[in-house]
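K.L.:
My questions concern the predicted model and sequence given below.
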Amino acid sequence: MDLVTALAQARTPQKPGPDTPAGSAVPPWPGPALPLPDSGPAELDLGRLLHLSLAASDGSARLRPAPSAGALHPVDARLVVGTGCPLPPGRYGYDPLGHSVHRLGPAPHGTPPGATVELSVTAQRTISHYDHRAWPLILLDTGHAAAALWLAARALGTGPGEVHLDGHTEDPLGALHFAPPEAARRTVDAPTPRDLLTRRSARPPLRGTPPQEALRAVLATAVEAGAGELAWCAAVGEPQPALVEPAPDGTVRRLAAGEARPTLAAWAAGQAWIADAGAVLLGHGCPTDAEAPQIRRAHLRAGFAVHMAHVTAGRHGLAGRPVGSWQQADLGAALGAAPGRDWIVHGLALGTTHSEEGTP
């Protein structure tokens, strides 16, 4: 897969072709399905960690704690388990539908205590619907899955773990290591398990400009979680439509005056409802000449950051919906800079009012 070509094609206005079969929602892991045992007091609670982050909660396999474009969920998880876990050391494939594992073999020599969750993908699930637009969405979904795991660890009080989203490898695309807990305790700002299991992408319309403090918190979360890979701003509506960005002193300052949301709606696969959203958080960067590792890193971090920002938005009473498909969205050129240097990579539509029913 030539990722540079795939991203260039995804950014064009060409429409996807007809749907094709998505295939199985779970890889054909070998051997019997094994339950995830309950953990002991000094063991990493793998069962709850995966339940709060990756497990399906409905028979269709669409509803999960981590969002996915089209609810197609291309991300697969392999576990490398060391000591200090309820499972015997080894390598395992995870089944999010049955919330079970399949043993794949022994653990590599030198496996540290705890468990590493490796994130790979079955691309056909997303390609089946999005065609040539699929690969940016696949990478964003992987970043969302990584953030869901990170937040689950915080909710369980086992620490956030080590996050590896450097973009240098195609398989796995990302990995997170979680050590056995020394003492389980939640930090003050950690989400609760209920927060993670009830998070939903709100159905449009999402109207109402977010309060300044809430928008500041969402932007700050995205900047921190994005680890410097992208720049972040937000298009806001009434009473003064503008693009705003975080200021060095922690406040929000104006980047550009004027109404950007109708243009964003056109760029986001023609989703007209975005023009009426209260605000749209935007992660931008990843120039046209970016090579594959930078493309992977930018999109993985964008998915991670938008997921974290979505949770922050919920804490401030805002509804949110990730927006991952962007065509001809050269934000830098639209603001008068050189073309091809500053593309929109990911977004999060926000509002204070929304439809009552959420979507996966």
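P.N.:
Looks like it came in fine.

K.L.:
can you pull out the helices in this protein?
P.N.:
3-10, 46-51, 124-130, 134-156, 193-198, 212-226, 261-267, 292-315, 331-334 (DSSP state H).

K.L.:
Return the distance of the fourth one from the chain's centre.
P.N.:
To tie it back to what came earlier, the one meant is helix 134-156. 4 Å (Cα atoms, centre = their mean, to the nearest Å).

K.L.:
again with the second one
P.N.:
In terms of Cα atoms, centre = their mean, the centre of helix 46-51 is set 18 Å apart from its chain centre.

K.L.:
Tell me where the stretch 151-300 of the chain is predicted with low confidence.
P.N.:
Across the stretch 151-300 of the chain, the ranges flagged by pLDDT under 70 are 160, 183-188.

K.L.:
try 90 this time
P.N.:
Residue ranges of the stretch 151-300 of the chain with pLDDT under 90: 157-161, 181-190, 195, 197-200, 238, 250.

K.L.:
End to end on stretch 276-293, go ahead and measure it.
P.N.:
35 Å (Cα to Cα, to the nearest Å).

K.L.:
Buried residues, that stretch. List them.
P.N.:
276-287, 290, 292 (16 or more other Cβ atoms under 10 Å). C-beta coordinates here come from the backbone N, C-alpha and C atoms, glycine included.

K.L.:
ok, now stretch 332-340?
P.N.:
Residues of stretch 332-340 classed as buried: 332, 334 (neighbour count, 16+ other Cβ under 10 Å).

K.L.:
What's the end-to-end length of that stretch?
P.N.:
Start-to-end, stretch 332-340 (Cα to Cα) is 8 Å.

K.L.:
Same question for stretch 65-72.
P.N.:
Using Cα to Cα, the two ends of stretch 65-72 sit 13 Å apart.

K.L.:
which residues touch it?
P.N.:
22, 52-55, 62-63, 73-75, 125-126, 128-130, 137, 140-141, 144-145, 147-148, 152, 196-197, 199, 201, 307, 310, 322, 324-325, 359-360 (Cβ atoms under 8 Å, 6 or more residues apart in numbering).

K.L.:
Now it: buried residues?
P.N.:
65-70, 72.

K.L.:
what's the spacing between the spatially most central residue of the chain and Gly324?
P.N.:
Taking Cα atoms, centre = their mean, the centroid of the chain lies closest to His144, which sits 1.8 Å from it. For His144, the distance to Gly324 equals 9 Å [Cβ to Cβ, to the nearest Å].

K.L.:
can you list residues touching both of those two?
P.N.:
By Cβ under 8 Å, 6+ apart, the residues touching both His144 and Gly324 are Gly303.

K.L.:
list the contacts for Ala292?
P.N.:
Here Ala292 is in contact with 3-4, 167 (Cβ under 8 Å, 6+ apart).

K.L.:
Quick one: end-to-end distance for stretch 92-110.
P.N.:
17 Å.

K.L.:
Just the mean pLDDT for that stretch, thanks.
P.N.:
What stretch 92-110 shows for mean pLDDT is 97.

K.L.:
So what's the gap between that stretch and the chain middle?
P.N.:
23 Å.

K.L.:
And it, what's buried?
P.N.:
For stretch 92-110, the neighbour count (16+ other Cβ under 10 Å) marks 92-97, 99-103, 107 as buried.

K.L.:
hmm, which two among the buried residues of stretch 65-72 are most spread apart?
P.N.:
Within the buried residues of stretch 65-72, Pro65 and Gly70 form the most distant pair, 16.8 Å apart (Cβ to Cβ).

K.L.:
Isn't Val306 up against His144?
P.N.:
Yes - contact criterion Cβ atoms under 8 Å: Val306 and His144 qualify, at 7.2 Å.

K.L.:
rewinding a little: tell me which of the buried residues of stretch 65-72 is nearest to Thr12?
P.N.:
Ala69 (17.6 Å).

K.L.:
what about that closest one, distance to Ala202?
P.N.:
As judged by Cβ to Cβ, Ala69 and Ala202 stand 16 Å apart.

K.L.:
what's the answer for Ala269, then?
P.N.:
Separation of Ala269 from Ala202 (Cβ to Cβ): 18 Å.

K.L.:
Those two: which is more packed in?
P.N.:
Under the criterion of other Cβ atoms under 10 Å, the comparison of Ala269 against Ala202 puts Ala202 first, with 23 against 17.
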